[in-house]
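how does the following fold in three dimensions:
(2 chains)
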Number of protein chains: 2
Amino acid sequence: MTDDRVARVGLSRLFEPGDTRLPRLVAQLGATRVFELLREEKDIAGAATDVAARLLELRPERDLEEAAARGIRFICPGDAEWPGGLDDLDVVEPLQGRGGAPLGLWVRGSLSLGESAATSAAVVGSRSATTYGTSVASDLAAGLAGGETTVVSGAAFGIDQAAHRGALAMRGKTIAVLACGVDRAYPSAHKELLDYIVDVGVVVSELPLGCSPTRYRFLARNRVIAALSRGTVVVEAAVRSGALNTANWAQRLHRHVMGIPGPVTSAPSEGVHQLIRLRDATLVTRAEDVLELLSPVGANLSEEAQEPARPRDLLSRRDQQVLDAVPVSQGASLGSVARTAGISPTEVGRALRTLHGKGFVEESESRWRLAEQR
Amino acid sequence: MTDDRVARVGLSRLFEPGDTRLPRLVAQLGATRVFELLREEKDIAGAATDVAARLLELRPERDLEEAAARGIRFICPGDAEWPGGLDDLDVVEPLQGRGGAPLGLWVRGSLSLGESAATSAAVVGSRSATTYGTSVASDLAAGLAGGETTVVSGAAFGIDQAAHRGALAMRGKTIAVLACGVDRAYPSAHKELLDYIVDVGVVVSELPLGCSPTRYRFLARNRVIAALSRGTVVVEAAVRSGALNTANWAQRLHRHVMGIPGPVTSAPSEGVHQLIRLRDATLVTRAEDVLELLSPVGANLSEEAQEPARPRDLLSRRDQQVLDAVPVSQGASLGSVARTAGISPTEVGRALRTLHGKGFVEESESRWRLAEQR
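Reported below is the predicted structural model:
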């Protein structure tokens, strides 16, 4: 009789992440029974032919022991650390033939995955990001971290990297979700970054140790990023970027989908603009906007950006009315200003003297106009 | 007995544009009767005190003659050239105490105002625009003009100027709406631009000849820009920009309100981003998007920007599946790729050879990985 956790480890060596045949089988029979049936080489749903070759090499108990020896744990549904959000993947339609909650996740790091993910936002985008994009992503992530929100991303070059670094710079929490085993560094240039995230955050993957990334696995990984996070922000994404795939998953999972705009002349912003224009993603410009969207109604309200009060706001209502009637270019007589303002010449005379004293208007040969610096 | 047109010219010398007391009076009594009553110095709605001083100087018949001599016409509701959209101003609530359709419009130029406005979009924005903003505004206006759409703007520095110039560069139609008399050039640096627009487009204002611009008149002018156009696009606008006032009018008038995003780090784009985020303006990135929104349903559909088909799209489905299973970094054996793909080693071997021949994968010591240029 195989233990559920061991069965899940075994199954994760037999099926690609996001294989939609598996969740239904596991839900109906339980991971243990499915694994045992496959071990008996029963053909279930046509799956056995794929897996026959792999069954002989399977040593799930040893996988777990070896991982534990390297400080890596395998968490399953039901574990305290299991993020409930992942289960949403079992109730939404597959996307491009992939779907379902992971069988389990391999986790490296000092934080509880469940707790870190409870208040989290994914920040994702192009690998070929611009300096504008990476700078905005890093500022955004720093702001989220400052708002006690965990930054989830994929540890790729470009936006992902900037997002993790922005959170780390604020000593905030960050989660890296990989498309390869958590014992591997992809891209290899990010080994140090990943080691640092292991120290202060969490690195997770549904792929067993030693596995390489493939395009298929990147796409399957994106659903985990979206499901782990309460919302997904896309910073820069060309029209066919993988980040848009993550955004699609977030939308399907009824998470908030947000985009940071950029110049319309910049190809890496094109996908984001489409997301906002055609897929109803919310335009956000800074961490406060994201925090507001992800908070319970009424909490963390982002203040509408406003210019500081201008000097004219401090004038009396009457003085403002007169000021509004003073020509901006060629000067006008007091009588003309009075007629435009619809206010008596006496009152207008008094207001013009006040406005002149405060530098709002200029007078030349009894004709009044706005001062240059109004 | 004063003619309606003459009465309207007279009244336009007595009331500031957008004075909300006037439309109701004119609707109830007719322009002629209101003007006659005021001439008899009857106090109507408290308006007489404002206007007593001006009544003595009024020569509306002479105003019309002098204008005609200079090639300037005054159009009123009921004229063939009167743009019907302006009447919408009479049925919506005032904004900041201003509202109502103009009594009439002073028009200079070779085009029919009504015909040009029938298919039109306003392109407005900050006077202190960036080079990004002016370049985008000019491209947008050129694209609209190319799509047989008249570009409406306010002839100000920055975005307005770029919009007019973009349309003119395409030999397209453009309408400049001024906050001063159409015989004046404001800003004076735009005299040549305005003369050119008179030659090939239309310059209009509800202010009598000789009138100077004031802040009040700019705000009243904005409602005319919004009402003349089928939609308003804001290109760059700081948080308290007058362009947002035009957008508010467009929204109130149930016209399309659109915004062109920019870098979130650019203050002149901040107002546009707020418009999209908080006021439900539509994010647009190019003329095609605007043309699509302003067209009858189904016409002028803007194609979703797509990258050209990639080489992998031309592969057979099976070859693509195998390609998706090939590691991106360290190579994997044929058997390992077959297991990942869930496809028999024989078939995978065939596919790998095809993919190798087409440069998608590399092989080294019987291990396969994606080619650098995948």
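
contact residues of the stretch 251-374 of chain A facing chain B?
Contact residues, the stretch 251-374 of chain A versus chain B (CB under 8 Å from any CB of the partner chain): A:260-265, A:269-270, A:273-274, A:276-278, A:282-286, A:289, A:304-307, A:310, A:323-330, A:332, A:335, A:338-340, A:342. Heads up, the C-betas are built off the backbone N, CA and C, glycines and all.

what subset of the residues you listed is buried?
A:260-264, A:269-270, A:273-274, A:276-277, A:282-286, A:289, A:305, A:323-328, A:332, A:338-340, A:342 (16 or more other CB atoms under 10 Å in any protein chain shown).

which of the residues you listed fall within strands?
A:282-283, A:332 (DSSP state E).

what about stretch A:311-324, start to end distance?
Distance between the two ends of stretch A:311-324: 14 Å, counting by CA to CA, to the nearest Å.

check the offset of that stretch from the chain's centre.
On the basis of CA atoms, centre = their mean, to the nearest Å, stretch A:311-324 sits 45 Å off its chain's mean C-alpha point.

now the helices for the stretch 151-300 of chain A?
A:159-169, A:191-200, A:215-228, A:242-252, A:267-278, A:287-294 (DSSP state H, counting those that start in this stretch).

who wins for proximity to residue B:31 among the ones you listed?
helix A:267-278 (44.4 Å; CB to CB).

what helix or strand is the closest residue to residue A:61 other than its chain neighbours on?
If the residues on either side of it in the chain are set aside, residue A:61 comes closest to residue A:6, at 5.7 Å by CB to CB, 6 or more residues apart in numbering or on different chains. Assigned by DSSP states H and E, residue A:6 belongs to helix A:4-14.

give me the mean pLDDT for that helix.
Helix A:4-14 shows a mean pLDDT of 93.

what's across from residue A:120 in the sheet?
residue A:150 (DSSP bridges).

pLDDT below threshold where in chain A?
Flagging of chain A using pLDDT under 70 yields the residue ranges A:1, A:41-54, A:56, A:297-309, A:373-374.

identify, by residue count, the longest helix of it.
If you go by DSSP state H, chain A has its longest helix at helix A:131-146.

how about that one and chain B, touching?
Yes - with CB under 8 Å from any CB as the criterion, chain B is reached by helix A:131-146 at A:132, A:135-136.

give the buried residues for stretch A:127-136.
A:127, A:129-130, A:132-136.

what is the end-to-end distance of it?
14 Å.

what does stretch A:190-210 give?
17 Å.

returning to that earlier point: distance to residue A:293 for the ones in strands among the buried ones among the residues of the stretch 251-374 of chain A next to chain B - can I get that in TSV?
Listed next are those as TSV, based on distance: CB to CB, whole Å:
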residue	distance to residue A:293
A:282	6
A:283	11
A:332	50
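
surely residue A:166 is in contact with residue A:146?
No - with contact defined as CB atoms under 8 Å, residue A:166 and residue A:146 do not form a contacting pair (9.9 Å).

if you count what's nearby, which of those two comes out ahead?
Shown here are residue A:166 and residue A:146; by other CB atoms under 10 Å in any protein chain shown, residue A:166 has more neighbours (28 against 15).

strands of the stretch 51-200 of chain A, start to end?
A:72-75, A:105-109, A:120-124, A:150-153, A:174-177 (DSSP state E, counting those that start in this stretch).

what's the most buried one of the ones you listed?
Among the strands of the stretch 51-200 of chain A, strand A:150-153 has the highest mean neighbour count (mean count of other CB atoms under 10 Å in any protein chain shown), at a mean of 32.

and the contacts of that strand?
Contact with strand A:150-153 is made by A:116-117, A:119-124, A:141, A:144-145, A:159-160, A:163-164, A:166-167, A:172-177, A:201, A:225, A:228-229, as judged by CB atoms under 8 Å, 6 or more residues apart in numbering or on different chains.

same check, this time on stretch A:349-365
A:311-312, A:315, A:318-319, A:321-323, A:326, A:331, A:334, A:337, A:343, A:368-374.
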